[in-house]
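Enquirer: Provided below are the primary sequence and the corresponding predicted coordinates.
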Amino acid sequence: MKKIAHKQGAKKWIKRLGLSILPLIIGGIWQNVMQEKESQLFPPPGKIIDVQSHDMHLYGTGTGKSTIVFIPGSGTPNAFSDFYYLQKELQPYARTVSYDRAGYGWSAKTTNPRTIDTVTEELHALLEKANEPGPYLLAAHSLGSLEALRFAQKYPDEVKGIVLLDGGSPEYYANDSEAKSYVLNRIMAGLRVTGLVRALGNVGILLPFSGENLRYPLLPVEMKELDAAMYYNHLGDASNLSFITHMNENAQAVVEGGYLHDIPLLILSSDGDQEWGEVQQQLLHWSNNSVQETIPASAHYIHWSHKEIVASKLVEMLRMVEKKSLGIPFDS
């Protein structure tokens, strides 16, 4: 009798397991089908350029005396939709450029290690091949701050200023937990490959990962479908793992590269906790010509939670760097 009861219990357990796994299998198939369909529905809006053995996507618009290069944060699914508002608003004031890192948006995956020098050199080569001449105003979000600072270290004559959009300091990223970032990436990947994040999105639940809950509602109707597809198909992409696992050494390389002397630096910060406030103060020391401003009640994707303010600050920064070229101090 005990053996029969044990067998019946095992069968029930297997049945329950099968019933719990089946939706994930169906979701995974749905995800694969939709990903293939969406890759055909949304062709790249910009240029596809071969850079160091892989294709990269760059989108440029607007005209003006300066060129703003928007550097996305770590894991941002698609730079075109993430910087859509800022690039549109700044068209009358400047040439603006956004690009997708390897494996994201319309850029191809690569086996090249995501060291800070590699990604910085790729960006430099991309801008050259796209005929987007400097000097540039770099506008970097989140972990993209490392890339902006390193670019200025390696190519100081090609940078007229930097704006950090809730970026972290190299000192902070040199000690931040790579394991924590790795685990979060894998959780997001699990939600993506099983179709769960797509299913949640279809019932109106947008997770705060990568700022989708802020960005999607504020995009125009014609952009929403594209943005959602990028979110569903690139959330937690494995292409970001190499950069995450190099985060501490990348940050240390920037620390060792030294400060930026008098390159103008504008630090726009979210209204976070005390620790994040201290990180923002650390950034002030990265230039002799720096200004830091905290935007009240803002989120990490500050360029969406307070998009109008950020756009106006970028216009102000453009005017400041153009004054600097005439010998007028940055903070005057």
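Expert: Sure, I can see it.
Enquirer: rest of the way, CA atoms for contacts and neighbours
Expert: Will do.
Enquirer: in this structure, which ranges drop under the pLDDT threshold?
Expert: For the chain, the stretches with pLDDT under 70 are 1-24, 27, 324-332.
Enquirer: Now the phi/psi pair for the most centrally placed residue in the chain, please.
Expert: The residue lying closest to the centre of the chain (C-alpha atoms, centre = their mean) is Gly73, at 2.4 Å. Torsion angles at Gly73 (phi, psi; degrees, to the nearest 10) stand at phi -80, psi 170.
Enquirer: contacting residues around it?
Expert: Each residue near Gly73 by C-alpha atoms under 8 Å, 6 or more residues apart in numbering is listed here: Ala140, His141, Ser142, Leu143, Gly144.
Enquirer: So which of these is the closest to Glu275?
Expert: Nearest to Glu275 among the contacts of Gly73, counting by C-alpha to C-alpha, is Ser142 at 15.1 Å.
Enquirer: So the closest one sits against Val163, correct?
Expert: No: if you go by C-alpha atoms under 8 Å, Ser142 and Val163 don't touch, sitting 11.1 Å apart.
Enquirer: The stretch 51-200 of the chain: helices as residue ranges?
Expert: Assigned by DSSP state H, counting those that start in this stretch, the stretch 51-200 of the chain shows helices spanning 79-82, 84-89, 116-129, 144-154, 170-175, 178-193, 196-202.
Enquirer: export the first one as CSV, just CAs?
Expert: Only the C-alpha atoms of helix 79-82 are listed here, as CSV (Å, rounded to 0.1, in the frame of the first residue of the first chain):
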residue,chain,number,x,y,z
ALA,A,79,19.0,53.9,-27.8
PHE,A,80,16.8,55.2,-30.6
SER,A,81,13.6,55.0,-28.5
ASP,A,82,15.4,55.8,-25.2
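Enquirer: can you start the count at 10 instead of 1 from here on
Expert: Okay, residue one is now 10; in that scheme the one you just asked about reads as helix 88-91.
Enquirer: before we move on, the earlier item: out of Ser151 and Val172, which sits in the busier spot?
Expert: Using other C-alpha atoms under 10 Å as the criterion, Ser151 and Val172 rank with Val172 on top: 27 against 21.
Enquirer: Distance check, that one against Ser75.
Expert: Val172 is 14 Å from Ser75, where distance means C-alpha to C-alpha, to the nearest Å.
Enquirer: Now the common contact residues for those two.
Expert: Leu146.
Enquirer: Next, Ile272: phi, psi?
Expert: phi -60, psi 120.
Enquirer: Now the two most distant members of the contacts of Gly82.
Expert: Ala149 and Leu152 (8.0 Å).
Enquirer: if I look at these two, which residues touch both of them?
Expert: What both Ala149 and Leu152 touch, as defined by C-alpha under 8 Å, 6+ apart, is the set Gly82, Gly176.
Enquirer: returning to that earlier point: out of the helices of the stretch 60-209 of the chain, nearest to Asp59?
Expert: Asp59 lies closest to helix 125-138 among the helices of the stretch 60-209 of the chain, at 8.0 Å (C-alpha to C-alpha).
Enquirer: elements contacting the closest one?
Expert: strand 56-60, helix 153-163, helix 256-266 (3 or more C-alpha pairs under 8 Å, 6 or more residues apart in numbering; DSSP states H and E).
Enquirer: Output the contacting helices and strands for the last one.
Expert: Counting contacts by 3+ C-alpha pairs under 8 Å, 6+ apart, helix 256-266 is packed against helix 125-138, helix 153-163, helix 179-184.
Enquirer: that older thread, select, out of the helices and strands packed on helix 125-138, the one closest to Leu293.
Expert: Leu293 lies closest, by C-alpha to C-alpha, to one member of the helices and strands packed on helix 125-138: helix 153-163, at 12.5 Å.
Enquirer: No further questions, thank you.
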